[in-house]
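>>> Pasted the sequence and its predicted model underneath.
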Amino acid sequence: MNDYKTSSTVLLGIINAALKLGVDIQSILRQLGISINLDHISQSTINLKQVHAIVAAVEKAGGHPALGLLTGEDFDFEYLPDLKSFLMSASTLREAFESIRPIQKLISPLLILNAEETGKVAIIKFQPDGMLDGEDERHYSEMIFTCIKTIVNRLMKKTVLPKAVYFRHGRSELTPLYEDFFGSVIVLNAPENAIIYDRTIMDLPLPGGFPEIRRQAGSIVNQQLAGSPLSGGLLEDLERLLAARGELLNAPIKQVARSLNMSTRTLQRRLAENGHSITGMRDLIRFKLAIQALQSKRHNIEEIAEKLGFSDRHCFTQAFKRWSSLSPSAYRKNFQ
């Protein structure tokens, strides 16, 4: 896992879940050398490796194999009241989901969700390729999808079950827990982590919609974003975005700029000021993701080429040789 950080506020949900299970969370935090200062928790960060170490320890001590379900169920924007007002005053679910991208720096750099609509369904994908490994990805996807379910129900003021939930992991013993919690079809060993809803709910008027409160809260949130400890520079933001959303590696620059909440001209200008171009940044991310994929051995070379947006293995091989002077197969062999 890369050295990503997240807001320390995520610990509160984990602590509450541990207390529900009767786990001595204080002892676990002490053993891991982690302390919490509630006075400054919204401005402090914690390494994701530490977060997942806590989750794994609580799961083991509490005998609950899917702690993410408990943490997400009680999520209530602890110590982030303005963010809560901003999201919960949305007029539609579509508006609420579109708010998630710009606010990721207040919670986590991995909170990059890709919403797609096709046919009769709305698909919300969590795509952490190259950013999380194995059980860490499971923990995070459980927490994210559970939070989404919780927030959707609060916004709708009623229970709205997803049509299906997809997980990339294959731990079949968790299926009954997932089915009971989500009340929907569960698919494991899926190509992507995704939660699927009926498309018709996306534009229904929400009972708590309050445009004026949302405007005011949004202004405060924007100020908080500027001072967030998770607020990186443009290059860091772009690298994280392209790594998490592979479809943007070949997308028009206008789409990339929109995902960063800026104009195409602004993105091009700011990249140039840093001596970079969108093409160069895409190549850099492809190379980093290729290295991670070749080392993990989860995918064969043809699959890696496809995931990185290359038309075939030959094109991927030529590009990788240009980046490293080695073919992908030679690099993988040398890494073993």
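All right, it came through fine. As the structure is a computational prediction, the values presented were derived from the model and not from experiment.
>>> domains in this structure, as residue ranges please.
Using automatic domain parsing, the domain parsing of the chain gives 67-203, 232-336.
>>> As JSON lines, those domains with mean pLDDT, distance to Thr45 and mean neighbour count would be great.
For every residue, glycine as well, the C-beta is placed using N, CA and C. Formatted as JSON lines, these follow (pLDDT from 0 to 100; distance: least, Cβ to Cβ, whole Å; neighbours: other Cβ atoms under 10 Å):
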{"stretch": "domain 67-203", "mean pLDDT": "89", "distance to Thr45": "10", "mean neighbour count": "18"}
{"stretch": "domain 232-336", "mean pLDDT": "87", "distance to Thr45": "12", "mean neighbour count": "16"}
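>>> and of the ones you listed, who's closest to Thr9?
domain 67-203 (5.2 Å; Cβ to Cβ).
>>> so how far does stretch 181-193 reach from one end to the other?
Stretch 181-193 has an end-to-end distance of 17 Å (Cα to Cα, to the nearest Å).
>>> Measure how far it is from the centre of its chain, please.
Centroid separation between stretch 181-193 and its chain, computed with Cα atoms, centre = their mean, to the nearest Å, is 17 Å.
>>> Also stretch 236-244?
Remark: stretch 236-244 is offset 11 Å from the chain centroid, using Cα atoms, centre = their mean.
>>> Restrict that stretch to CA atoms and write it as CSV.
The C-alpha trace of stretch 236-244 is given here as CSV (Å, rounded to 0.1, in the frame of the first residue of the first chain):
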residue,chain,number,x,y,z
GLU,A,236,-0.6,15.1,-6.3
ASP,A,237,-4.3,15.5,-6.9
LEU,A,238,-4.0,14.6,-10.6
GLU,A,239,-1.8,11.6,-9.9
ARG,A,240,-4.3,10.3,-7.3
LEU,A,241,-7.2,10.9,-9.6
LEU,A,242,-5.7,9.1,-12.6
ALA,A,243,-4.6,6.2,-10.5
ALA,A,244,-8.0,5.7,-9.0
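>>> Can you list the buried residues in stretch 50-62?
Buried residues in stretch 50-62, counting neighbours by 16 or more other Cβ atoms under 10 Å, are found at Gln50, Val51, His52, Ala53, Ile54, Val55, Ala57, Val58, Glu59, Ala61, Gly62.
>>> Can you tell me the element the closest residue to the third one other than its chain neighbours falls in?
What that stands for is His52. Leaving aside its sequence neighbours, His52 sits nearest to Asp136 (Cβ to Cβ, 6 or more residues apart in numbering; 4.6 Å). Using DSSP states H and E, Asp136 sits within helix 134-156.
>>> Need the contact partners of the strand or helix carrying Ala257.
Ala257 belongs to helix 253-259 when assigned by DSSP H and E. Applying Cβ atoms under 8 Å, 6 or more residues apart in numbering, the external contacts of helix 253-259 come out as Arg101, Leu238, Leu241, Leu242, Arg245, Leu248, Ser263, Thr264, Thr266, Leu267, Gln268, Ile278.
>>> And stretch 190-197, by the same measure?
Residues contacting stretch 190-197 (Cβ under 8 Å, 6+ apart): 121-128, 137, 141, 145, 148-149, 152, 160, 162-168, 182.
>>> Inside strands: which ones of those?
Per DSSP state E, strands hold the following members of the contacts of stretch 190-197: Val121, Ala122, Ile123, Ile124, Lys125, Phe126, Ala164, Val165, Tyr166.
>>> Just the closest of the residues you listed to Met202, please.
Met202 lies nearest to Ala122 out of the ones in strands among the contacts of stretch 190-197, by Cβ to Cβ, at 5.3 Å.
>>> Beta-bridge partners for that closest one, please?
Assessed by DSSP bridges, Ala122 has beta-bridge partners Glu117, Tyr197.
>>> And the strands in the stretch 151-300 of the chain?
Secondary structure of the stretch 151-300 of the chain (DSSP state E, counting those that start in this stretch): strands at 164-166, 185-187, 193-198.
>>> any chance of the ones you listed in a markdown table, plus distance to Ile253?
Converted to a markdown table, these look like this (distance: least, Cβ to Cβ, whole Å):
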| stretch | distance to Ile253 |
| --- | --- |
| strand 164-166 | 30 |
| strand 185-187 | 34 |
| strand 193-198 | 26 |
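>>> ok, so what distance separates Asn114 from Ala305?
Noted for Asn114: a distance of 21 Å to Ala305, by Cβ to Cβ, to the nearest Å.
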